[in-house]
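Student: Here is my input, please return the structure:
(one chain, ligands or ions: 2)
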Amino acid sequence: MDIVDKVLAGDVRSAARVMTWVENGMAEAVSALKRLFPHTGRGFVVGVTGPPGSGKSTLVDRLTGEFRRLGKTVGIVAVDPSSPFSGGAILADRVRMQRHSLDEEIFIRSMANRGHLGGLSRTTNDVVDVMDAMGKEIILVETVGVGQDEIEIVRTAHTCLVVAVPGLGDDIQAIKAGIMEIGDLFVVNKADRDGAERTYAEIEGIIRQSRTGRGWRPRIFKTMAVKNEGIEELARGIQEHQRFLEAGSGTSRKVRDRSEAVLWALLEERLLTRVRERIVAGCAFDELVDLIAARRVDPYTAVEQVLVCLGLPPEPAPLPRLTDILPTD
Ligand SMILES: Nc1nc2c(ncn2[C@@H]2O[C@H](COP(=O)(O)OP(=O)(O)O)[C@@H](O)[C@H]2O)c(=O)[nH]1
Ligand SMILES: [Mg+2]
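Tutor: Ligands and ions are numbered 1, 2, ... in the order given. Next up is the predicted model:
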């Protein structure tokens with residue numbers, strides 16, 4: 001058995017090794033991912049996002065307990081250096097488990113949120129794929145709700161869970177930008193604190209205003225993650241959303257959205273890498289920068305010139321249909 005076969009058989013060490021390759025941008029990662037890909041698409045991905053300290057890790061931990069109780073295997077990807085799963089980004093290359101450390105059906109991976117070749121969302125996506133190929137049925141992805149990468153991560157999940165806490169009015173405003181509209185489920189965690197009702201009502205108001213309607217009415221849950229309260233209902237809500245997606249065209253739309261996002265991300269990464277290499281090798285790029293700095297060339301003319309230099313003139317010949325030239329099976 002080689003490493004890919006071992007991953008497919010659910011071997012934790014092999015999966016962890018492939019994930020490290022992914023994080024380090026190694027060539028081995030790509031060949032492993034190519035072979036793993038046909039075995040992906042079975043796991044249900046739940047993105048969990050919200051401000052730091054809102055209780056995401058605690059919720060993920062409790063939800064894991066609940067899904068295990070329901071007999072499902074669980075993968076966890078924590079994109080958060082302060083996550084208690086890892087104790088910090090230093091341990092990001094290790095497999096660490098806390099409460100669930102003895103349960104073989106749970107796999108936890110913490111990711112450093114810096115220094116990813118090709119971007120955090122692409123790397124996270126690849127790690128999710130490895131878990132999917134391992135056969136994890138539920139894959140929980142925790143990420144702090146700030147930054148384009150983080151939003152991209154939850155946007156490509158099947159279900160997006162947005163976590164808020166009471167008493168932080170500004171907080172709602174902060175997570176509103178970018179995050180509120182992608183939430184399928186909302187959680188008011190720390191419901192033991194003052195102001196839970198108000199936060200609940202605020203979120204309700206925002207949802208009512210901003211929904212254009214795709215058939216799914218976002219739901220709000222109140223939880224006390226530390227006391228394991230409200231978790232059963234939340235897990236049921238997640239499964240309800242899963243059923244909703246599967247009953248309609250929701251799943252295929254999400255899968256398509258994700259495929260598109262992945263393809264663009266890879267394309268951007270590859271193009272930029274190649275463009276940089278080629279420019280540095282032979283286009284007198286530094287001189288061009290000097291000319292712009294000296295106001296002798298404007299940046300728009302310069303970038304047009306760079307594209308021509310790369311063989312991408314303003315009106316290139318039409319492209320062949322990509323599907324006609326790609327090998328498929
Ligand atoms: N009072 C209260 N504290 C909670 C609750 N859930 C989590 N916490 C605490 O909030 C802190 C941050 O939790 P954590 O899960 O690390 O938040 P994260 O940064 O969003 O992952 C921890 O000290 C938790 O014990 C809750 O329901 N009520
Ligand atoms: Mg956390």
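
Student: Sticking with whichever residue of the stretch 1-150 of the chain sits closest to ligand 2, tell me its helix or strand.
Tutor: Nearest residue of the stretch 1-150 of the chain to ligand 2: Ser57, at 3.3 Å (C-beta to the ion). Just so you know, the C-beta spots here come from the backbone N, C-alpha and C atoms, and that holds for glycine as well. Here Ser57, judged by DSSP states H and E, is contained in helix 56-69.

Student: how about that helix: buried residues?
Tutor: 56-68 (16 or more other C-beta atoms under 10 Å).

Student: What parts of the chain come near ligand 1?
Tutor: 52-58, 83-84, 189-190, 192-193, 224-226 (C-beta under 6 Å from any ligand atom).

Student: Any of the residues you listed buried? List them.
Tutor: Buried among those by 16+ other C-beta under 10 Å: Ser54, Gly55, Lys56, Ser57, Thr58, Ser83, Asn189, Lys190, Met224, Ala225.

Student: Can I get those in CSV including pLDDT?
Tutor: Listed next are these as CSV, based on pLDDT from 0 to 100:
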residue, pLDDT
Ser54, 89
Gly55, 91
Lys56, 91
Ser57, 90
Thr58, 92
Ser83, 48
Asn189, 96
Lys190, 95
Met224, 96
Ala225, 94
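
Student: Relative to Val127, which of those residues is nearest.
Tutor: Distances from Val127 to these, taken as C-beta to C-beta, are shortest for Ser83 (14.2 Å).

Student: mind listing the strands for the protein?
Tutor: 44-50, 74-79, 106-110, 138-144, 159-164, 185-188, 219-222 (DSSP state E).

Student: touching ligand 2 at all, the second one?
Tutor: What it means is strand 74-79. No. Using C-beta under 5 Å from the ion, strand 74-79 never reaches ligand 2; the gap is at least 6.3 Å.

Student: Where is the longest helix in this structure?
Tutor: helix 250-282 (DSSP state H).

Student: now for it, which elements pack on it?
Tutor: helix 120-134, helix 148-155, helix 231-247 (3 or more C-beta pairs under 8 Å, 6 or more residues apart in numbering; DSSP states H and E).

Student: The residue of the stretch 1-150 of the chain closest to ligand 2 against Glu142, yeah?
Tutor: Yes. Between Ser57 and Glu142 a contact is recorded at 6.2 Å, counting by C-beta atoms under 8 Å.

Student: Show me the shaky parts of the stretch 101-250 of the chain.
Tutor: For the stretch 101-250 of the chain, residues meeting the criterion pLDDT under 70 lie at 101-103, 113-118, 146, 168-178, 211-214.
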